[in-house]
Structures are given as C-alpha cells and as structure tokens.
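Enquirer: This is a predicted model, with the sequence first.
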Amino acid sequence: MKTVIKSDKIILKDKILNGYLALDGEGISYVGEEKVEGDVFYDYTGKYVSPGFIETHTHGAGGFPFIDCTEDDVINACNFELEYGVTSICPTVTSGPITIMEDAVDKISKAKKNPKTKPNIIGAHLEGPYFSLNQSGAQSPNDITAPIKEDYERIIKKFGKDIARWSYAPERDENAEFCKYLIKNGIVASAGHTDALGVDMELARENGCKLITHLYSCTSTITRDKGFRRLGVIETAYLNDDIYVEIITDGKHLPPDLLKLILKIKGTDKVILTTDSLKIAGTDAKGGGAMSGVEYIVEEGVCRLKDRSAFAGSIATADRLIRVITKEAGASIVDGVKMLTYNPAKIFNLNTGEIKVGKDGDIIVFDDDINVSDVFVKGNKVK
C-alpha cells in the first residue's frame with residue numbers, strides 16, 4: 001500500500017519542504033514538490049511532518065520501568081513513549097547487581113521481538129556498573145565496579161545483538177580492553193559517570209569511544225595536579241570534532257545559556273538530545289520513588305536524590321526536548337529535530353532519522369507547540 005503525505009512543513013535534514021512524501025511498504029519512496037498518487041492520502045498542511053524521534057537514553061515512562069521489569073513493562077513503556085513521537089528507542093538499564101541488569105536485557109531482547117511493541121527497539125543501553133564512584137550520581141554506589149571481564153563477556157555473548165550501547169568510565173578500563181570488546185561486537189561505547197582525564201579519553205577515543213553520556217551530568221572537567229591543569233571529559237568532547245555529546249534538554253538539567261554554549265562549540269551535527277527519563281515520565285508525577293535501590297524525590301519538575309545533592313533523572317517526554325532546545329536555547333526547528341533524529345541515527349547506524357528516499361518510513365506529525373498527533377512506524381500508521 002502506498003501512502004502519500006502532504007504538508008507545507010516537511011522537515012528535511014537541512015530545510016523545510018512544502019510538498020509531498022510517499023511511504024511504500026516499510027520505506028520512503030518519494031520526497032518532493034510534485035504531487036504523487038497513492039492508495040491513502042493525508043493532508044497535514046499547517047503541521048510539521050518530521051522523522052520519528054530517536055530516544056537514546058530512557059529508564060522508562062508512563063509508570064513502566066526498564067529494570068526490575070517484566071517483558072510487558074518494556075512493551076508498555078516503549079508504546080507510551082511512541083505517543084510523544086518516539087519511533088526508535090534504547091531502553092536503558094541502570095547500574096545494579098549484574099544478574100538484575102542481565103535479566104533486564106533479557107526482557108528488552110524479548111520485547112524487541114514482540115509484535116505488540118510499536119516503536120523500533122534499537123537495543124538495550126547498559127548504563128554501568130563500570131563507573132566512577134565519585135561520579136555515581138543516581139547510580140547505585142553498592143554495585144559500581146571496574147569492568148569485570150567474565151560478566152561483560154557472558155552478557156554480550158548471550159545478548160550481543162540486542163545491546164546497542166554501554167556507558168562506562170574510561171579511567172576504569174585498563175588498556176581500553178572493555179571498549180575494544182564493545183566495538184568488536186558492534187556496541188556503541190559511551191563515556192559516562194566518569195572522572196576520566198584527557199589521556200584516559202584519548203585512549204578510549206583511539207579505540208572507538210565516540211559518544212559522551214549526558215554531558216555535564218556526572219562528567220569530569222578541568223582539574224589541577226600540583227598546579228598543572230588537566231583536561232577532563234567535557235574539554236575532550238569540545239576539542240575533538242568526532243565525539244558526539246548527549247545532552248538532557250528537559251529544561252532542568254542544563255540551563256539555557258549552557259545549552260547555547262554547547263551548541264556554539266559543538267555545532268548541531270554532533271549533539272544528541274535525550275530525556276534520561278525515569279519510569280514516572282509522562283505521568284502525574286508526585287512524591288518520589290526508587291531505582292535500583294536509590295531513592296529519589298520529584299520537585300520543581302525534575303527528579304532529585306533525597307539529599308538534593310544531584311539530579312536523579314528527568315520526568316520529560318521527547319516532545320519537551322524540542323520545545324526546550326528551540327524555545328529556550330534558540331535552535332531552529334530543523335536543527336532541533338536533527339539532534340533528535342538524524343544524529344542518533346548516525347551513531348547507531350540506523351536506516352531512519354531522515355525524510356529521504358530509501359529511509360525507513362518512521363514519520364511523526366506535530367503542531368507548533370510540538371504536540372504529536374500522528375505517528376507512522378515503518379510505513380504503518382500506529383497513532
């Protein structure tokens with residue numbers, strides 16, 4: 001079946017098109033100004049037609065978690081996020097006992113294959129437990145450790161094709177052995193919750209680590225050693241054009257001026273927007289909860305540790321990311337969408353994230369306030 005979509009606001013990678021696109025089967029078969037014929041026609045004039053959002057870092061949504069979870073929890077959380085424009089997703093597993101993390105990956109692997117799951121599950125994102133204790137944030141400190149070869153090799157051998165990303169602290173990875181193993185197995189290596197120095201990051205970068213997990217949130221900066229200044233993760237990310245940075249644009253984690261600074265230095269080609277949401281995202285969140293035994297409270301529109309020493313994650317859904325980056329940080333709608341679609345698609349080597357002939361038919365429709373009304377996944381209308 002051929003579906004034709006019309007709009008005066010079709011968001012391409014570098015501009016807005018007044019025209020048409022066609023979905024044929026699972027993919028995009030036409031993009032242009034000339035009208036084409038099809039079996040089904042949708043006129044979205046006045047609304048934006050965009051590639052589907054790609055969520056790279058989320059611990060759950062709609063009340064459903066991605067750890068200590070069932071397969072149905074994973075399916076329900078993913079389907080809930082689809083309501084806000086997410087057509088591809090990396091369910092994130094927070095640090096915990098390695099057997100609990102492994103079980104969560106098993107549930108994500110099963111949900112990925114379950115036809116009840118509407119969005120595309122890219123694969124699991126393991127956030128830890130190979131982190132810096134000093135930068136643990138809301139990660140469970142009792143479970144943080146240096147990389148344990150027998151554990152990560154077992155999990156990757158069992159679930160490698162269903163693991164998309166693993167966040168870790170490069171300074172705890174001796175000779176970059178863990179990083180090398182991730183890259184060898186096609187898994188994105190991402191530096192996060194880390195006190196790495198510039199030399200640690202350079203070794204990781206040389207061995208394939210090209211992504212920073214939520215920049216400025218538990219990532220090291222310049223330190224001094226007997227007066228001599230040493231670069232950290234943040235400066236390394238700015239210095240190297242091949243490094244992508246993930247940023248939480250919920251309007252709470254990073255103030256608007258800091259978002260503007262990141263975009264000024266990195267540009268919009270190497271920035272990825274994410275929610276880092278907890279399971280209460282999109283709900284009438286009140287009070288608090290716990291994730292992997294770490295308790296948090298919800299106040300002022302964000303999750304905090306109970307002692308208020310750090311944020312513990314967001315309650316945002318993906319639509320808010322575009323609102324914040326455009327309305328508060330001044331990015332154009334084209335660049336804002338690119339940072340939530342095209343850029344993450346490049347990192348994960350996905351055939352989506354762009355309205356272009358040959359790409360998967362993952363399309364969403366939203367208004368000027370980023371309220372999502374319609375969603376297509378691989379050419380099929382699912383909302």
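Expert: Noted; the coordinates are in hand. Since the model is a prediction, treat every value here as computed from it, not as a measurement.

Enquirer: pLDDT on stretch 15-27, on average?
Expert: Stretch 15-27 carries an average pLDDT of 97.

Enquirer: Equivalent analysis for stretch 212-219, please.
Expert: Mean predicted confidence for stretch 212-219 is 96.

Enquirer: Tell me how far it lies from the chain's centre.
Expert: Stretch 212-219 sits 13 Å away from the centroid of its parent chain (Cα atoms, centre = their mean, to the nearest Å).

Enquirer: residues in contact with it?
Expert: With contact meaning Cβ atoms under 8 Å, 6 or more residues apart in numbering, stretch 212-219 is reached by 57, 127, 135-137, 167, 190-194, 232-234, 237, 243-248, 253-254, 258, 262, 274, 276, 310-311. C-beta here means a position set from N, CA and C on the backbone, and glycine is covered the same way.

Enquirer: Would you mind writing the CA trace of it as CSV?
Expert: C-alpha atoms of stretch 212-219 as CSV (Å, rounded to 0.1, in the frame of the first residue of the first chain):
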residue,chain,number,x,y,z
ILE,A,212,29.6,11.1,25.9
THR,A,213,26.7,10.1,28.1
HIS,A,214,24.7,13.2,29.2
LEU,A,215,27.4,15.8,29.0
TYR,A,216,27.8,17.9,32.2
SER,A,217,25.9,15.4,34.2
CYS,A,218,28.5,13.3,36.0
THR,A,219,31.3,14.1,33.5
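
Enquirer: Quick check: what element follows the strand or helix carrying V93 along the chain?
Expert: According to DSSP states H and E, V93 maps onto strand 86-94. Later in the chain than strand 86-94, the nearest helix or strand by DSSP H and E is helix 98-113.

Enquirer: Going by neighbour count, list what's buried in that next one.
Expert: 98, 100-109, 111-112 (16 or more other Cβ atoms under 10 Å).

Enquirer: Stretch 41-51 now?
Expert: For stretch 41-51, the neighbour count (16+ other Cβ under 10 Å) marks 42, 44, 47-51 as buried.

Enquirer: can you redo the buried residues of helix 98-113 as a markdown table with pLDDT and distance to K6?
Expert: Listed next are the buried residues of helix 98-113 as a markdown table, based on pLDDT from 0 to 100; distance: Cβ to Cβ, whole Å:
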| residue | pLDDT | distance to K6 |
| --- | --- | --- |
| I98 | 94 | 51 |
| I100 | 95 | 49 |
| M101 | 96 | 46 |
| E102 | 97 | 47 |
| D103 | 97 | 46 |
| A104 | 97 | 42 |
| V105 | 98 | 42 |
| D106 | 98 | 44 |
| K107 | 98 | 40 |
| I108 | 98 | 37 |
| S109 | 97 | 39 |
| A111 | 98 | 34 |
| K112 | 97 | 33 |
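
Enquirer: what bits of this structure have low per-residue confidence?
Expert: 290-292, 300, 306 (pLDDT under 70).

Enquirer: the domain parsing of it - what is it?
Expert: With domains defined by automatic domain parsing, the chain comprises 2-48+370-381, 53-349.

Enquirer: Cheers, nothing more for now.
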